[in-house]
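J.: no FASTA, just this:
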């Protein structure tokens, strides 16, 4: 599997991308992409309630060097890029930024998958659905992590 180089514009979340600000999805830069489409799964592996809390699922993104910031919280997105989004572990569609309790730190890992095709997966699907739909289609992978402390 070919690796992807994934970068955010920060190592520590600015409030803009958290519950303390506008709670908008961050820009994700991708290098080395040679795929037909992209899927992103953000996870917080240290959420106290479970082992891999998922605050964002998005797929059928066009293959390109950047996923722009500010993806609207809609099942089917047409701008700034076309995509489908799933139900996150907050029970919401789209991105939900970190929101740790006071004095705590949350870590979000953005897992980026280069796929050999667009996925036949309806908007609003769950993390398990996305994982199942990607099976056999992942040809590239990369990840990056950022922290947020309140």
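T.: Right, received. Where do you want to start? Quick caveat: nothing in here was measured; it's all calculated off a predicted structure.
J.: all helices for the protein, in order.
T.: Assigned helices in the chain, in chain order: 127-134 (criterion: DSSP state H).
J.: so where's it shaky on pLDDT?
T.: Along the chain, segments meeting pLDDT under 70 span 46-51.
J.: 80 instead, please
T.: 45-51 (pLDDT under 80).
J.: where exactly do the strands run in it?
T.: Under the criterion DSSP state E, the chain contains strands at 2-3, 5-7, 28-31, 37-44, 53-62, 66-67, 76-77, 83-85, 105-115, 138-149.
J.: how much space separates residue 4 from residue 99?
T.: In this view, residue 4 and residue 99 are 28 Å apart by Cβ to Cβ, to the nearest Å. Any C-beta I mention is one placed from the backbone N, CA and C, and that applies to glycine too.
J.: more neighbours: which of these two?
T.: residue 4 (20 against 15; other Cβ atoms under 10 Å).
J.: can you report phi and psi for that one?
T.: Residue 4 adopts backbone torsions of phi -110, psi 150, taken as degrees, to the nearest 10.
J.: list the residues that contact the nearest residue to it once chain neighbours are set aside.
T.: Spatial nearest neighbour of residue 4, excluding adjacent residues (Cβ to Cβ, 6 or more residues apart in numbering): residue 142 at 3.0 Å. If a contact means Cβ atoms under 8 Å, 6 or more residues apart in numbering, then residue 142 has 3-6, 30, 32, 112 as its contacts.
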